[in-house]
Structure formats: structure tokens, C-alpha cells
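Undergrad: Give me coordinates for this.
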Amino acid sequence: RLGVPAGRVCVSYEDFGNTGAASIPVTLDHAARSGRLADGDLVLLAGFGGGMSMGVSLLCWQCL
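TA: Numbers count the residues shown, from 1 in each chain. You can find the predicted model right below:
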């Protein structure tokens with residue numbers, strides 16, 4: 001729905017399985033270590049859990 005190409009989306013469950021609350025930090029670390037993030041990139045973090053809980057954050061990677 002966002003129109004973001006699949007190549008721009010990082011997922012970790014294929015490599016690490018269900019990591020629960022650590023899913024976002026694990027995926028962010030994996031993206032950084034694999035060179036998929038560059039200084040100044042905008043990063044959209046989104047997670048959801050049981051009971052319709054969710055969280056979303058937009059950050060700039062190493063902008064300071």
C-alpha cells in the first residue's frame with residue numbers, strides 16, 4: 001500500500017525466525033552490517049504484536 005519496492009524493505013524473520021521484541025533491533029543491525037544503510041537515509045521502523053499493539057517510528061540514520 002505504501003508503494004515501497006520489495007528491495008527497499010528489510011526483514012529478518014527469514015534469517016532469524018520470530019525474535020519477538022528484538023525484531024526491530026535485530027533487523028536494523030542486520031541492515032547496517034550488510035551495507036544497506038547509508039548516512040542520511042530515512043528509516044521507517046514498524047512493529048506489531050498481539051492485541052493489536054503497534055509502534056512506528058521514522059528516523060534519519062546517522063544524521064548527527
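
Undergrad: Which residues does stretch 36-49 contact?
TA: The contact list for stretch 36-49 (C-beta atoms under 8 Å, 6 or more residues apart in numbering) reads 10, 23-24, 28, 31, 54-63. Quick note: C-beta positions are derived from backbone N, CA and C, even for glycine.

Undergrad: Buried only: go through those residues for me.
TA: Buried members of the contacts of stretch 36-49, scored by 16 or more other C-beta atoms under 10 Å, are 23, 28, 31.

Undergrad: Now do the SS call for the second one.
TA: The one in question is residue 28. What DSSP: H, G, I helix; E, B strand; the rest coil gives for residue 28 is helix.

Undergrad: Max pairwise distance over the contacts of stretch 36-49: which two?
TA: 54 and 62 (25.8 Å; C-beta to C-beta).

Undergrad: in what helix or strand does residue 56 lie?
TA: Here residue 56 sits within strand 54-60, counting by DSSP states H and E.

Undergrad: neighbouring strands for that strand, and are they parallel or not?
TA: strand 42-48 (antiparallel) (DSSP bridges).

Undergrad: what comes up buried for the strand it pairs with?
TA: So, applying 16+ other C-beta under 10 Å, strand 42-48 has no buried residues.

Undergrad: Please state the offset of it from the chain centre?
TA: Distance of strand 42-48 from its chain centroid, counting by C-alpha atoms, centre = their mean, to the nearest Å, is 5 Å.

Undergrad: Let me know how buried the spatially closest residue to residue 63 that is not a sequence neighbour is, in neighbour terms.
TA: Excluding the flanking residues, the one nearest residue 63 by C-beta to C-beta, 6 or more residues apart in numbering is residue 40, at 6.1 Å. A count of nearby residues for residue 40, using other C-beta atoms under 10 Å, gives 9.

Undergrad: Would you list the phi and psi of residue 40?
TA: phi 90, psi -10 (degrees, to the nearest 10).
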